[in-house]
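Q: sequence first, then the predicted structure:
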Amino acid sequence: MKISRDTPLAEITLRKYERPSNIRERELVKKLCLTLGLLQPGDSRDVVVDVLHVLLKQRRAKRLVSCSEIERKVVLNRKMHRLPMLGIASSNIRRQLKRLKELFIVEKVKGLYRITEFMPLGEIYDAKLEKFLLQSIVQRAREYFSRIDEAF
């Protein structure tokens, strides 16, 4: 007997936190990761924060970076913030980059990574997340609501 899996075509988790004010850089990036569901509340394995933090710093200089350079900078970032070296394995860094790519925040160009087109995150949110990903998920949810209304 074959059991089918319900695999989503796309998904996004959104959480609402207090307004960002007087927050240091890394903590601000962490709140964004929590807001987007890239990090779970209370999760000690927060290397996705460092990956995004590193890429945001590289965006200022419009630099594309290799996965190995991201790994090296993540380790330095975690040392600078006196954080445990959890989740810094190459495979996990690549997994975090993939998660950021799935949300259109990061893109890979000729084997190197950058914040999508070096755009401001607000523009990425408007163009890619809200108008594309979120809208398509909301529309599909509406289709399920309508179909259930028809069925019942």
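A: Yes, it's here.

Q: ok, now which ones touch the closest residue to residue 47 other than its chain neighbours?
A: Spatial nearest neighbour of residue 47, excluding adjacent residues (Cβ to Cβ, 6 or more residues apart in numbering): residue 87 at 3.6 Å. C-beta: built from backbone N, CA, C; applies to glycine. Each residue near residue 87 by Cβ atoms under 8 Å, 6 or more residues apart in numbering is listed here: 45-47, 96.

Q: give me that answer again for 10 Å
A: Contact analysis of residue 87 by Cβ atoms under 10 Å, 6 or more residues apart in numbering lists 43-51, 74, 78, 93, 95-96.

Q: I'd like these as TSV, with neighbour count, distance to residue 26 and secondary structure appended.
A: Below are the contacts of residue 87 laid out as TSV (neighbours: other Cβ atoms under 10 Å; distance: Cβ to Cβ, whole Å; DSSP: H, G, I helix; E, B strand; the rest coil):
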residue	neighbour count	distance to residue 26	secondary structure
43	14	15	coil
44	9	15	coil
45	13	15	coil
46	22	9	coil
47	23	12	helix
48	24	12	helix
49	28	6	helix
50	28	8	helix
51	31	12	helix
74	24	12	helix
78	21	10	helix
93	22	17	helix
95	15	20	helix
96	23	15	helix
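
Q: mind putting those in CSV, pLDDT included?
A: Listed next are the contacts of residue 87 as CSV, based on pLDDT from 0 to 100:
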residue, pLDDT
43, 84
44, 77
45, 84
46, 92
47, 95
48, 96
49, 96
50, 96
51, 97
74, 96
78, 94
93, 96
95, 96
96, 96
